[in-house]
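Enquirer: Output the structure for:
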Amino acid sequence: MTQQTKNAMPVHIGIIMDGNGRWAKKRGLPRKAGHKQGAEALKKISDYCLKIGIKYLTVYAFSTENWSRPKDEVDSIIDLLRSFFKEVSNYSDKNAKINFIGDINPLPDDIKQSIEKIQNDTAHNNGFVMNIAFNYGGRNEIVNAVKKIAAMVANNELQADSITEETISNNIYTCGQPDPDLIIRPSGEYRLSNFLLWQSAYSELVFMNVLWPDFTTDNLDSAIEQYRLRNRRFGGI
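Expert: Have a look, this model is predicted:
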């Protein structure tokens with residue numbers, strides 16, 4: 001029997017960080033406790049991605065639909081973001097670049113200022129890139145790209161019949177980055193929930209029955225191993 005040839009390690013991994021609320025509920029804790037534990041899981045996983053040579057990590061932190069959650073829960077997530085900014089030096093020391101993708105305009109002024117600062121402070125780091133999808137929606141991202149392209153056509157900067165897939169890819173939040181090779185969703189749910197819709201055309205999807213706060217490096221290793229054993233055809237045979 002010939003040994004199966006494995007795919008190379010993924011260059012770009014996307015993670016839908018799901019299950020914080022259910023994790024807290026199972027333990028009789030407020031939902032914000034689940035989000036806090038989820039933030040700790042992110043620290044461990046991002047550090048591990050850096051260690052094993054993953055170049056890009058995109059995490060789904062807060063969707064455009066999450067504003068409908070109770071105000072105290074939303075406020076607790078915003079506060080966790082403030083705590084994250086206080087640890088920015090840890091990422092700079094690791095040569096990590098931090099990007100925020102999504103619509104930051106509705107966020108509090110101090111958050112917007114902190115996002116600008118962390119992106120500027122880490123802009124020249126090239127060891128690892130972490131995209132934090134916050135107030136992000138995949139459909140909204142595509143709509144925004146289409147609006148940019150329409151404006152270019154209206155200003156005679158672009159001919160309509162010259163628009164290609166690459167044109168759209170050049171106008172989305174992750175412009176200049178490779179599409180995710182692997183998208184992981186913990187929590188036992190089986191959907192993308194509006195995450196990286198354009199970019200995930202040929203991503204391999206791995207769904208795992210573990211809540212995000214309990215997600216470990218062993219879980220990540222398992223997902224990567226599943227990915228490496230997949231036959232990636234990209235529409236071919």
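Enquirer: Surely residue 58 forms part of a strand?
Expert: Yes. Assessed with DSSP: H, G, I helix; E, B strand; the rest coil, residue 58 lies in a strand.
Enquirer: who touches it in this structure?
Expert: Neighbouring residues of residue 58 by CB atoms under 8 Å, 6 or more residues apart in numbering: 12, 13, 14, 15, 101, 130, 131, 132, 133, 174, 180, 196. All C-beta atoms are positioned from the backbone trio N, CA, C, and that covers glycine.
Enquirer: Across the sheet, point out what pairs with the closest residue to the first one other than its chain neighbours.
Expert: Same thing as residue 12. Leaving aside its sequence neighbours, residue 12 sits nearest to residue 56 (CB to CB, 6 or more residues apart in numbering; 3.9 Å). Following DSSP bridges, residue 56 is listed with bridge partners residue 12, residue 129.
Enquirer: my guess is residue 56 meets residue 126, correct?
Expert: No. Assessed by CB atoms under 8 Å, residue 56 is found out of contact with residue 126, at 11.5 Å.
Enquirer: Would you mind measuring from residue 206 to residue 129?
Expert: When distance is defined by CB to CB, to the nearest Å, residue 206 is 21 Å away from residue 129.
Enquirer: Helices along the protein, start to end?
Expert: 20-26, 31-52, 71-86, 88-93, 109-122, 138-154, 165-169, 217-229 (DSSP state H).
Enquirer: can I get those helices in CSV with mean neighbour count, distance to residue 64 and mean pLDDT?
Expert: CSV is the format used below for the helices of the chain (neighbours: other CB atoms under 10 Å; distance: least, CB to CB, whole Å; pLDDT from 0 to 100):
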stretch, mean neighbour count, distance to residue 64, mean pLDDT
helix 20-26, 19, 18, 97
helix 31-52, 18, 17, 96
helix 71-86, 14, 12, 94
helix 88-93, 14, 25, 79
helix 109-122, 15, 16, 95
helix 138-154, 15, 6, 98
helix 165-169, 13, 19, 98
helix 217-229, 17, 26, 98
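Enquirer: For residue 235, which of the ones you listed is the nearest?
Expert: Shortest distance between residue 235 and the helices of the chain, using CB to CB, is found for helix 165-169: 12.9 Å.
Enquirer: And for residue 125, the neighbour number?
Expert: For residue 125, the count of nearby residues is 16 (other CB atoms under 10 Å).
Enquirer: Tell me who's in contact with it.
Expert: With CB under 8 Å, 6+ apart, residue 125 has these contacts: 91, 92, 95, 96, 97.
Enquirer: on that earlier part again, for the residue nearest to residue 12, what are its contacts?
Expert: Contacts of residue 56 by CB under 8 Å, 6+ apart are 11, 12, 13, 128, 129, 130, 131, 177, 178, 180.
Enquirer: mind running it again at 7 Å?
Expert: 11, 12, 129, 177, 178 (CB atoms under 7 Å, 6 or more residues apart in numbering).
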